[in-house]
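Engineer: What would the 3D arrangement of this be:
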Amino acid sequence: MYLGRTTPLIKHFAGASPPRHQLVCFPYAGGGASFYRPWQDELPPEVDLLAVQYPGREERIDDPLIDDMDELAGLLATELAPLLDLPFTFFGHSMGAAVGYEIARRWGESGFPTPDRLIVSSQFAPPRIPVGDLLRHDDSGVLDELVRLGGVPRSVYESPELVRLIVSVVRNDYQVLESCRFGADAPALDLPVTAFCGADDPVVTPQDVREWAAFTRAGFTNRTFDGGHFYPRERLTETVAAVTELLALPAR
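Structural biologist: Numbers count the residues shown, from 1 in each chain. This is a model prediction of the structure:
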């Protein structure tokens with residue numbers, strides 16, 4: 001097996017063959033790199049999967065949380081840059097789409113190599129990314145919304161300690177989204193953008209994700225999957241196959 005490089009903030013799920021393409025995946029609010037672990041078994045062996053691990057969760061649980069997009073994107077961009085030595089693609093789900101966009105924007109403006117493509121999933125286009133309502137809910141309201149979206153199972157209600165942990169991380173991550181300074185003048189990217197969405201997503205609709213078309217000067221496509229906000233989990237094989245097609249590599 002090809003052995004890739006793992007850093008504290010980048011989990012490296014290497015394929016069985018020397019890589020020809022790198023796929024960088026950014027998790028949703030409250031999520032971690034493990035969300036993408038099942039993708040390794042669905043991707044072609046020559047795809048190098050790098051899953052971002054935001055501080056303060058999973059094996060980085062003791063790291064301080066970061067609640068500002070500028071700080072988080074800057075930290076991750078610094079961590080990622082030395083690892084990207086092949087053609088690469090960004091995939092971001094929900095909050096991860098905003099993080100991926102911000103890093104791609106920074107690199108494009110600084111002259112650093114940018115992704116071959118940005119794939120955004122279940123997220124509003126930049127001017128609409130801030131989402132203040134959830135921050136005004138009490139802990140029970142936050143958890144109810146997460147369960148409704150399918151982000152956590154109902155069984156979490158049985159563990160008050162787990163509830164406190166989940167809610168604190170989610171509140172932090174929504175603060176990251178609140179800190180986004182994307183306005184109506186958010187820049188378009190000089191790279192292709194593809195938007196994915198679940199047909200039954202109660203928050204971000206297929207029409208919403210099509211607004212990403214205004215934020216690329218290099219071509220836009222979109223695709224709708226059966227499922228809700230967490231359709232990548234519900235439709236794992238179909239989702240990864242669609243991503244693989246965009247990498248111009250043969251699917252398994």
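Engineer: If you rank every helix and strand of this protein by mean pLDDT, what lands last?
Structural biologist: helix 139-149 (a mean of 82; mean pLDDT, DSSP states H and E).
Engineer: Give me the contacts around that helix.
Structural biologist: Judged by CB atoms under 8 Å, 6 or more residues apart in numbering, the contacts made with helix 139-149 from elsewhere in the structure are 30, 134, 137, 152-154, 156-157, 163-164, 166-167, 170-171, 202-203, 228-230. C-beta here means a position set from N, CA and C on the backbone, and glycine is covered the same way.
Engineer: one more time with 7 Å
Structural biologist: Outside helix 139-149, the residues within contact range by CB atoms under 7 Å, 6 or more residues apart in numbering are 30, 134, 137, 152, 154, 156, 163, 167, 170-171, 203, 228-230.
Engineer: Show me which parts of it are buried, residue by residue.
Structural biologist: Residues 142-143, 145-146, 149 are the ones in helix 139-149 that count as buried (16 or more other CB atoms under 10 Å).
Engineer: Give me the next element, helix or strand, following that helix.
Structural biologist: Next along the chain after helix 139-149, taking DSSP states H and E as the criterion, comes helix 160-178.
Engineer: can you state the direction angle for the least confident helix or strand of the chain and helix 160-178?
Structural biologist: Taking axes from the mean of the first three to the mean of the last three CA atoms, to 10 degrees, helix 139-149 and helix 160-178 form an angle of 80 degrees between their directions.
Engineer: Looking at the buried residues of helix 139-149, which is nearest V176?
Structural biologist: V142 (14.9 Å; CB to CB).
Engineer: quick check, G31 in a strand?
Structural biologist: No: residue state for G31 (DSSP: H, G, I helix; E, B strand; the rest coil) corresponds to coil; a strand is not indicated.
Engineer: distance of it from C25?
Structural biologist: Counting by CB to CB, to the nearest Å, the gap from G31 to C25 is 10 Å.
Engineer: Quick one: residues contacting R117.
Structural biologist: With contacts defined as CB under 7 Å, 6+ apart, the neighbours of R117 are 89, 191-192, 194, 246.
Engineer: Repeat the analysis, applying 10 Å as the threshold.
Structural biologist: Contact analysis of R117 by CB atoms under 10 Å, 6 or more residues apart in numbering lists 87-91, 104, 189, 191-194, 216, 218-219, 221, 243, 246-248.
Engineer: Show me these that map onto strands.
Structural biologist: When the contacts of R117 are checked against strands (DSSP state E), the matches are 88-91, 193-194, 221.
Engineer: could I get these as TSV with neighbour count and pLDDT?
Structural biologist: Converted to TSV, the ones in strands among the contacts of R117 look like this (neighbours: other CB atoms under 10 Å; pLDDT from 0 to 100):
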residue	neighbour count	pLDDT
F88	21	96
T89	23	98
F90	27	99
F91	28	99
V193	28	98
T194	23	98
T221	15	97
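Engineer: closest to Q175 among those?
Structural biologist: Q175 lies nearest to F90 out of the ones in strands among the contacts of R117, by CB to CB, at 22.3 Å.
Engineer: Pull up the overlap in contacts between G31 and C25.
Structural biologist: When contacts are counted by CB under 10 Å, 6+ apart, G31 and C25 have 52, 93, 96 as shared neighbours.
Engineer: For the first one, give the beta-bridge partners.
Structural biologist: The residues listed as beta-bridge partners of V52 by DSSP bridges are I10.
Engineer: what about it, how many neighbours?
Structural biologist: Counted with other CB atoms under 10 Å, the neighbours of V52 add up to 25.
Engineer: ok, now the last one?
Structural biologist: Burial of G96 is recorded as 28 neighbouring residues (other CB under 10 Å).
Engineer: can you tell me how far the nearest residue to it once chain neighbours are set aside sits from A98?
Structural biologist: For G96, ignoring the flanking residues on the chain, the nearest one in space by CB to CB, 6 or more residues apart in numbering is F26 at 3.0 Å. In this view, F26 and A98 are 9 Å apart by CB to CB.
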